[in-house]
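Visitor: here is a sequence together with a model predicted from it:
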Amino acid sequence: MTLGELIALYRAQAGDAAEPYFCDDELLTLYANEAQIEACRRGQLLLDASRVQLQAGQELVKLASTALRVTRAFVDGHTVHLISAEEMDGLYPGWQFNDPQRQVQHLVSGVATGAVYLWPRPSQPGELCMTVQRLPKCQLQDSQDEPEIRQEAHPALVHWMLYRAYSRMDNDLYNDAKAAIALQQFEAEFGSKASVRNEEWVRSGAALMPGPIA
């Protein structure tokens, strides 16, 4: 479905089809983009296979701003283990300051925001191949733009748009019961929301920091 079709479906379901609209196209575009981001955070729907050229002695690899977490990694065809900085501290005390250069064995999270640490540092140039769970790369803007998630999931994005519209207390569509139903329908398709703290706990693989909030 295109953005224009998502908006049309929202208008049909909400009865918001006559001007002046309760939610104009600009606001519904914001809701549609928000819906896709929420769907990806909850459902882990988008993955990228990325390749990064490594230099000898390189310490960090920056991740794209859309990356949520690395799910698997290889350097020059050899499996690299994903591990948290806390786990590294327990296994190899002082690892970050006693870092010989040889074949990379671990990809360490929780060292720097938006990056992973290579340990040991590579002794020669190579290639890091990663599978990365991510958010959408581009926002929906034009009426012909389509969400990046699979087509069969597109109609469920409208549930989030309805939830946001029914939650607006400053217009005639406000209805907390309908908002709750729309959110329930969205969550039935994409899952319940985790807090940002929970997501960071999963992303960093932290073993010693406080666990996720129930």
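Guide: In hand now; what should we look at?
Visitor: the domain parsing of the chain - what is it?
Guide: Taking automatic domain parsing as the reference, the chain has its domains at 3-44+149-194, 46-134.
Visitor: to L140, which of those lies closest?
Guide: Closest to L140 of the domains of the chain is domain 3-44+149-194 (Cβ to Cβ; 4.5 Å). Backbone N, C-alpha and C define where each C-beta goes, glycine included.
Visitor: and that closest one, how far out from the chain middle?
Guide: 19 Å (Cα atoms, centre = their mean, to the nearest Å).
Visitor: shaky segments in the protein?
Guide: In the predicted model, the chain carries pLDDT under 70 at residues 99, 201-214.
Visitor: tell me where it has helices.
Guide: Secondary structure of the chain by DSSP state H: the helices cover 3-14, 25-43, 85-91, 154-166, 176-190, 196-204.
Visitor: deepest of those helices, which one?
Guide: helix 154-166 (a mean of 23; mean count of other Cβ atoms under 10 Å).
Visitor: before we move on, back to that, so which of the helices of the chain gets nearest E59?
Guide: Closest to E59 of those, according to Cβ to Cβ: helix 85-91, at 12.9 Å.
Visitor: I'd like to know which elements the closest one is packed against.
Guide: strand 106-112 (3 or more Cβ pairs under 8 Å, 6 or more residues apart in numbering; DSSP states H and E).
Visitor: the strand it packs on pairs with which strands?
Guide: strand 81-84 (parallel), strand 115-119 (antiparallel) (DSSP bridges).
Visitor: got the buried residues for that strand?
Guide: By neighbour count on 16 or more other Cβ atoms under 10 Å, the buried set for strand 106-112 is H106, L107, V108, S109, G110, V111.
Visitor: same question, stretch 112-128
Guide: For stretch 112-128, a neighbour-count test (16+ other Cβ under 10 Å) marks V116, Y117, L118, W119, P120, R121, P122, G126, L128 as buried.
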